[in-house]
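Trainee: Structure for the following, please:
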Amino acid sequence: MKEFGKYMIFLGTLFVRRETFATYYKLVMEECVQIGVKSIWLFVLVSTFMGAVTTVQTAYNLVTPLVPRYVISQVVREMTVLELAPTIMAIIFAGKIGSSMAGGLGTMRITEQIDALEVMGINSSSYLVLPKILASLIMYPMLVIFAGFCSMVGGYLVGVFTGILTPTEYILGIRSVFNDYTITFALIKSFVFAFLISSISSFKGYYTQGGALEVGIASTEAVTASVIAVLLGDYFLANLLL
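Mentor: Numbering: from 1, shown residues only. This next block holds a predicted model:
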């Protein structure tokens, strides 16, 4: 509870003694490049294989001829939109971006760069952390949408080229009994996960104490805490919104 209270106080400090809009705009754009643009290829690779594997495994378990084959792509769509794209990719996001945030802020803390900002009268938490959170809220939902698209394309390619189902059957399954609320649900999850990962990772890095060894420990703790928060958030959001 003490750590949670410290985290909530840390979030409160992000909104006091803020810098100008122009300053935040530049910082947020720089973070968007680091968070989003430089993560695209990893998301493409993971999500494409995710869709491909889901297609193959669904086809393997569909052993009855009574179920039409287009159900395979329907299952891929639901799994991708509801769980694989927002949640599994959040774990990838925590491992890549969360550890980077914690390591960067931890290095700044032990080299006294954060203390130097405070001496200059700058709110270091707002200046360093708020742009990371805003950039995550902007870029991660975009990455989730892109990952969902790549996952379905991966399923299509594997399904068609291996003869599991025809292109017409795959497209029919993608379009069959579609509930557009699942897209809304996935985007809500992506915003929540982006906030949790960026804020928790920044919190762990910002309060790093010690030397280089502690920076590595902070990065590990950031990923661990972020993944736990994502899984708990996934459970509670599913209960509240579905």
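
Trainee: where does the protein dip in pLDDT?
Mentor: For the chain, the stretches flagged by pLDDT under 70 are 63.

Trainee: which residue is nearest the centroid of it?
Mentor: Ala90 (3.2 Å; CA atoms, centre = their mean).

Trainee: you'd agree it is up against Val230?
Mentor: Yes - counting by CB atoms under 8 Å, Val230 is a contact partner of Ala90 at 4.7 Å. C-beta here means a position set from N, CA and C on the backbone, and glycine is covered the same way.

Trainee: Overlap of the contact sets of the two?
Mentor: Phe193, Ile197 (CB atoms under 8 Å, 6 or more residues apart in numbering).

Trainee: Could you check which helix or strand contains the residue nearest to the centre of the chain?
Mentor: helix 89-93 (DSSP states H and E).

Trainee: I'd like the next helix or strand past that helix.
Mentor: helix 99-110.

Trainee: name the helices or strands packed onto that next one?
Mentor: On a contact count with 3 or more CB pairs under 8 Å, 6 or more residues apart in numbering; DSSP states H and E, helix 99-110 meets helix 124-161, helix 181-206, helix 212-241.

Trainee: Dump the ones you listed to JSON lines, plus mean neighbour count and distance to Leu11.
Mentor: Below are those laid out as JSON lines (neighbours: other CB atoms under 10 Å; distance: least, CB to CB, whole Å):
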{"stretch": "helix 124-161", "mean neighbour count": "22", "distance to Leu11": "9"}
{"stretch": "helix 181-206", "mean neighbour count": "22", "distance to Leu11": "6"}
{"stretch": "helix 212-241", "mean neighbour count": "17", "distance to Leu11": "13"}
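
Trainee: Just send the ones you listed back as CSV, with distance to Arg69 too.
Mentor: What follows is the helices and strands packed on helix 99-110, written out as CSV (distance: least, CB to CB, whole Å):
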stretch, distance to Arg69
helix 124-161, 9
helix 181-206, 22
helix 212-241, 29
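
Trainee: nearest to Val28, of those?
Mentor: Across those, Val28 has its closest neighbour in helix 124-161 (4.7 Å, CB to CB).

Trainee: how many degrees apart are that closest one and helix 181-206 in direction?
Mentor: Angle between the axes of helix 124-161 and helix 181-206 is 140 degrees (criterion: axes from the mean of the first three to the mean of the last three CA atoms, to 10 degrees).

Trainee: Give me the angle between the helix or strand just after helix 124-161 and helix 124-161.
Mentor: Using DSSP H and E, the helix or strand that follows helix 124-161 in sequence is helix 167-175. Following the same axes, to 10 degrees, one obtains 140 degrees for the angle between helix 167-175 and helix 124-161.

Trainee: Without its sequence neighbours, what residue ends up closest to the residue nearest to the centre of the chain?
Mentor: Leaving out its chain neighbours, the residue that sits closest to Ala90 by CB to CB, 6 or more residues apart in numbering is Phe193, at 4.1 Å.

Trainee: Next one: the one you found from Thr80, what distance?
Mentor: Per CB to CB, to the nearest Å, Phe193 is found 16 Å from Thr80.

Trainee: No further queries at this time; thank you.
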